[in-house]
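Visitor: Sequence and computational prediction follow.
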Amino acid sequence: MITKVEGIIVHETPFGDNSKIIQLLTKEYGLIGVMCKGVKSLKSPLRALTIKFTYGVFYLYYKENKLSILKDVDVLDDFKIIKNDILLISYLNYLTELTTQVFKQSHEKCLYDYFLASVKKINEGLNPLVITNIIELKYLPFLGVGLELDSCILCGNKRDIVTINADVGGYVCKNCYTNQILVSKKTIQLIRMYYYVDISSISDLKISEEVIREINFFINRYYERYTGLFLNSKKFLNKMLSL
């Protein structure tokens with residue numbers, strides 16, 4: 001029986017002369033491996049439909065915990081804008097690797113929604129760093145290191161928050177402040193907004209470069225200190241951003 005599955009190709013591996021194995025990220029089944037027989041042949045109608053980052057409906061002979069077999073694909077979006085920009089491809093590679101790692105620790109269906117919504121927004125032209133930071137924050141609870149964004153991390157005070165600091169793990173109020181780096185009030189507000197916003201509802205992003213830098217610095221530091229994730233795609237993206 002053929003199973004209809006919506007998903008996005010996040011990895012592909014050559015198999016023999018004319019076939020490949022793809023890894024699909026799906027909402028219903030999580031990460032699944034799919035054998036694509038003969039698709040590397042120049043004559044195969046599925047050749048262009050089975051490349052990395054293709055988002056579509058995949059018709060499979062589904063086999064739980066085994067390699068499924070691809071029958072056909074209806075492409076929903078090939079994210080051409082992203083694929084024509086090397087920097088955007090670097091963002092997508094990082095988001096894909098990050099999402100794959102998070103999926104290994106949690107199989108919540110909302111992770112698929114977060115990932116897909118973020119890719120769509122980047123493809124629509126929204127600031128890729130802001131979208132990436134939003135999804136990085138949203139993934140933290142699934143990595144077991146969620147943020148406390150309602151009060152001071154040190155004393156629980158909900159008032160007089162003066163900064164946010166990755167080394168202490170969250171907001172710091174004026175009574176607990178010692179020598180932490182101060183950030184703008186807008187940064188404090190937006191980090192909380194990033195954490196709770198519905199990505200698919202975002203239509204415009206008007207954020208100063210200073211605030212974007214402060215938020216990105218905090219998130220990078222927090223990931224380094226608490227998640228244990230050191231991804232090659234992140235290193236490459238950082239190199240691209242520094243060029």
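Guide: Nice, thanks for sending it over.
Visitor: so Val102 touches Tyr139, yeah?
Guide: Yes. The pair Val102 / Tyr139 is scored as a contact, 5.0 Å apart, by C-beta atoms under 8 Å. Using the backbone N, CA and C atoms, a C-beta is placed for each residue, glycine as well.
Visitor: tell me, what's touching those two both at once?
Guide: Residues touching both Val102 and Tyr139 by C-beta atoms under 8 Å, 6 or more residues apart in numbering: Leu111.
Visitor: And these two? Which one has more around it.
Guide: Between Val102 and Tyr139, counted using other C-beta atoms under 10 Å, the more crowded position is Tyr139 (25 against 22).
Visitor: Now do the same contact list for the more buried one.
Guide: For Tyr139, the contacting residues are 98-99, 102, 111, 114, by C-beta under 8 Å, 6+ apart.
Visitor: In helices, which of those residues fall?
Guide: Within those, residues falling in helices by DSSP state H are 98-99, 102, 111, 114.
Visitor: Just say helix, strand or coil for Leu87.
Guide: Following DSSP: H, G, I helix; E, B strand; the rest coil, we place Leu87 in the helix state.
Visitor: correct me, but it touches Met240?
Guide: Yes. Applying C-beta under 8 Å, one finds Leu87 in contact with Met240, separated by 5.5 Å.
Visitor: Please list the outside residues in contact with the longest strand seen in the chain.
Guide: For the chain, the longest strand by residue count, based on DSSP state E, is strand 3-15. Strand 3-15 is contacted from outside by 20-29, 31-32, 35, 40, 50-62, 68, 76, 96, 99-100, 115-116, 119, using C-beta under 8 Å, 6+ apart.
Visitor: Only the buried subset of these, as a ChimeraX command please.
Guide: Entered in ChimeraX, the line below selects the buried ones among the contacts of strand 3-15, by 16 or more other C-beta atoms under 10 Å:
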select :20,22,23,24,25,26,29,31,32,35,40,50,52,53,54,55,56,58,59,60,62,68,96,99,100,115,116,119
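Visitor: can I get the contacts of Tyr139 in JSON lines with pLDDT and distance to Ile9?
Guide: JSON lines is the format used below for the contacts of Tyr139 (pLDDT from 0 to 100; distance: C-beta to C-beta, whole Å):
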{"residue": "Leu98", "pLDDT": "97", "distance to Ile9": "16"}
{"residue": "Thr99", "pLDDT": "96", "distance to Ile9": "13"}
{"residue": "Val102", "pLDDT": "94", "distance to Ile9": "18"}
{"residue": "Leu111", "pLDDT": "94", "distance to Ile9": "17"}
{"residue": "Tyr114", "pLDDT": "96", "distance to Ile9": "18"}
